[in-house]
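Asks: Would you be able to build a 3D model of this:
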Amino acid sequence: MDVDERRRLVEAFLRRCVTYADASIERKKQRGGDEEALAQWQAYRDFTEHAAEEVASGDLDTWLEDESQTSDSGS
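Replies: All right, here's what the predicted structure looks like:
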């Protein structure tokens, strides 16, 4: 699998996580969920969205290379 395919796969996974988090947040709001739990879900959702954007932009391509490649922090 090449880096473009890996990028698309990881991005799709992260986008699904964001969609799941959005639905979970909405369910918790409808049930009158605990504010702390809602804040944690929102933080998770926002971080995951940010990660998806970084993956989509190619900023983290070095993370998607074969392990035999040198990896860095992506920064």
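Asks: Now Pro6: which helix or strand?
Replies: For residue 6 the amino acid is Arg, not Pro. helix 3-30 (DSSP states H and E).
Asks: Give the next helix or strand downstream of that helix.
Replies: Past helix 3-30, further along toward the C-terminus, the next helix or strand under DSSP H and E is helix 35-57.
Asks: Please enumerate residues in contact with that next one?
Replies: 7, 10-11, 14-15, 17-18, 21-22, 24-25, 28-29, 60, 64, 74 (CB atoms under 8 Å, 6 or more residues apart in numbering). C-betas here are computed from N, CA, C, even on glycine.
Asks: And the residues you listed, which of them are buried?
Replies: 7, 10-11, 14, 17-18, 21, 24-25, 28, 60, 64 (16 or more other CB atoms under 10 Å).
Asks: Would you convert these into CSV that also reports distance to Ala43?
Replies: Output for the buried ones among the contacts of helix 35-57, formatted as CSV (distance: CB to CB, whole Å):
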residue, distance to Ala43
Arg7, 24
Val10, 20
Glu11, 20
Leu14, 15
Cys17, 13
Val18, 13
Ala21, 10
Ser24, 13
Ile25, 11
Lys28, 14
Leu60, 20
Leu64, 25
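Asks: Could the C-alpha coordinates of stretch 2-19 be exported in PDB?
Replies: Backbone C-alpha positions of stretch 2-19 (Å, rounded to 0.1, in the frame of the first residue of the first chain) are rendered in PDB as follows:
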ATOM      1  CA  ASP A   2       1.500   3.400  -0.900                       C
ATOM      2  CA  VAL A   3       1.400   6.500   1.200                       C
ATOM      3  CA  ASP A   4      -1.600   8.000  -0.700                       C
ATOM      4  CA  GLU A   5      -3.700   4.900   0.000                       C
ATOM      5  CA  ARG A   6      -2.600   4.900   3.600                       C
ATOM      6  CA  ARG A   7      -3.400   8.600   4.000                       C
ATOM      7  CA  ARG A   8      -6.900   8.000   2.600                       C
ATOM      8  CA  LEU A   9      -7.500   5.000   4.800                       C
ATOM      9  CA  VAL A  10      -6.400   6.800   8.000                       C
ATOM     10  CA  GLU A  11      -8.300   9.900   7.100                       C
ATOM     11  CA  ALA A  12     -11.500   8.000   6.500                       C
ATOM     12  CA  PHE A  13     -11.100   6.200   9.800                       C
ATOM     13  CA  LEU A  14     -10.500   9.500  11.700                       C
ATOM     14  CA  ARG A  15     -13.500  11.100   9.900                       C
ATOM     15  CA  ARG A  16     -15.700   8.100  11.100                       C
ATOM     16  CA  CYS A  17     -14.400   8.700  14.600                       C
ATOM     17  CA  VAL A  18     -15.500  12.300  14.400                       C
ATOM     18  CA  THR A  19     -18.900  11.300  13.100                       C
END
